[in-house]
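Colleague: Next input, structure requested:
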Amino acid sequence: MDDDVTSSSDGDRSSDVTFLPLDELRHRRSVKWRTYDDEVLPLWVAEMDVAPAPAIADALRTAVRRGDTGYVHRGALPERYAAFSADHYGWAPAPSRTSLVPDVMAGIAAALRLATAPGDGVVINPPVYPPFREFIGYAGREPVEVPLLRDGERYTIDLDGLDHAFADGAAAYLLCSPHNPTGSVWTREQLTAVADLAARYEVLVLADEVHAPLTRHGVGHLPFLSLDRPAAQRAVAFVAASKAWNLPGLKTALALAGPDARRSLCEFPQQVQIQTGLFGVIAAVAAFSEGVSWLSALRTHLDANHRLLAELLAAHLPSLHHDTPEATYLAWVDCRHLGLGDDPAASLLAHSDVALTSGTPFGAGGRGFVRINLGTSAALITEAVRRMSRHPQLGENRS
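Modeller: Prediction:
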């Protein structure tokens, strides 16, 4: 396999997107690159194989040079995010109702403790990001599953199922928007229907919008709090630069409270906010204010990667079904026709030396699926499919 460095620069350094070669990635110390032996090609956890955006790298180098390694201060981050949101989504959250949180899931757990009671039901839509279920339990609440429905080749929210779950006494709803792992971007009609149901039953909506900057070109994200609905005005959304600019290890996110949210959710407790990393704040300010052209170039690269995966699967593993998502760099792939059982990721790891994310932890609808991380170079995606196609049990699925 040829290692490559993929650059999307047009001469403007601010838009330079560089995916690193395998020999350099092997020196990383993150979970993606330390969990498996070197013979395994990891395309699993949501971490991209990209060099930092130049503006972010410059900001962090300056902070290190200054010894700016003390306790966190939010600085201009709420204002910078509000400006980014206004430019990209046509809606700006109020910085005065914005709190620092270490990451989206820590913020959600804190919000559940602040606004619901032990044992309360919290609705989720599987197949969904596994920490949703885990953090609900960590907060002492009970997950209530309302699985997504398939509408042709797309997933959709089961509004009747939500109605029943809310009527049965659920206190909160974790809305994944855009959705992980399916990459679905919910429409205004879907989100308005969710808001109306939540208002009818006085259910608190907590919206995970961390993948919002990663919509495909031509696809728009609608912030839940921007809806002119009572439930949206009482909701809390969680956003971060962590996914779009590849900063999860820097531990910084924002909780955005609607204008009618209960007071405890408008400013999170100091013991929650202080867990945020100062480097994360510095990096996020640079991302939202100076990293926009880099993000656009990244999205172009990811669009190409989704097309590449579809072409490779059609050529080498036509039994796999892959719906190109509307957002994220994650591909949700149906492997049920491969004959590898409920957890094809385990078999592909054992026999093909490719690490993908198993679909089973995502809950209902995840059996027989894998999630593939496309936040990497075309060369590594091509190599991964080549290895998968040579699985000894696939037989007629080989090209």
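Colleague: okay, CA-based contacts and neighbour counts for the rest of this
Modeller: Noted.
Colleague: Which segments of this protein make up each domain?
Modeller: Using automatic domain parsing, the domain parsing of the chain gives 6-53+292-390, 70-290.
Colleague: quick one: which of these is nearest Arg61?
Modeller: Among these, the nearest to Arg61 by CA to CA is domain 70-290 (10.2 Å).
Colleague: quick one: terminal-to-terminal distance for the closest one?
Modeller: 23 Å (CA to CA, to the nearest Å).
Colleague: Going forward, count from 20.
Modeller: Okay, using 20 as the starting number, the last item reads as domain 89-309.
Colleague: How far does it sit from its chain's centre?
Modeller: Here the centre of domain 89-309 is set off from its chain's centre by 11 Å, with CA atoms, centre = their mean, to the nearest Å.
Colleague: I'd say Arg386 and Asp362 touch.
Modeller: Yes - look at Arg386 against Asp362 with CA atoms under 8 Å: they come within range, at 6.4 Å.
Colleague: Sketch out the low-pLDDT regions of the stretch 20-169 of the chain for me.
Modeller: For the stretch 20-169 of the chain, applying pLDDT under 70 flags the ranges 20-32.
Colleague: quick one: the strands in the stretch 20-169 of the chain?
Modeller: Secondary structure of the stretch 20-169 of the chain (DSSP state E, counting those that start in this stretch): strands located at 25-26, 37-38, 60-61, 117-120, 140-143, 161-164, 168-170.
Colleague: typed the wrong thing, it's the stretch 220-369 of the chain
Modeller: 223-227, 255-258, 272-276, 340-341, 349-353.
Colleague: what's the burial count for the residue nearest to Gly89 when sequence neighbours are not counted?
Modeller: Using CA to CA, 6 or more residues apart in numbering and skipping residues adjacent in sequence, the residue nearest Gly89 is Leu297, 7.1 Å away. By the measure other CA atoms under 10 Å, the count of residues near Leu297 is 22.
Colleague: before we move on, back to that, could you say which of the strands of the stretch 220-369 of the chain is packed most deeply?
Modeller: Comparing those by mean neighbour count (mean count of other CA atoms under 10 Å), strand 272-276 ranks first with a mean of 28.
Colleague: I'd like to know which elements that strand is packed against.
Modeller: Helices and strands touching strand 272-276, by 3 or more CA pairs under 8 Å, 6 or more residues apart in numbering; DSSP states H and E, are strand 117-120, helix 123-134, strand 255-258, helix 282-285.
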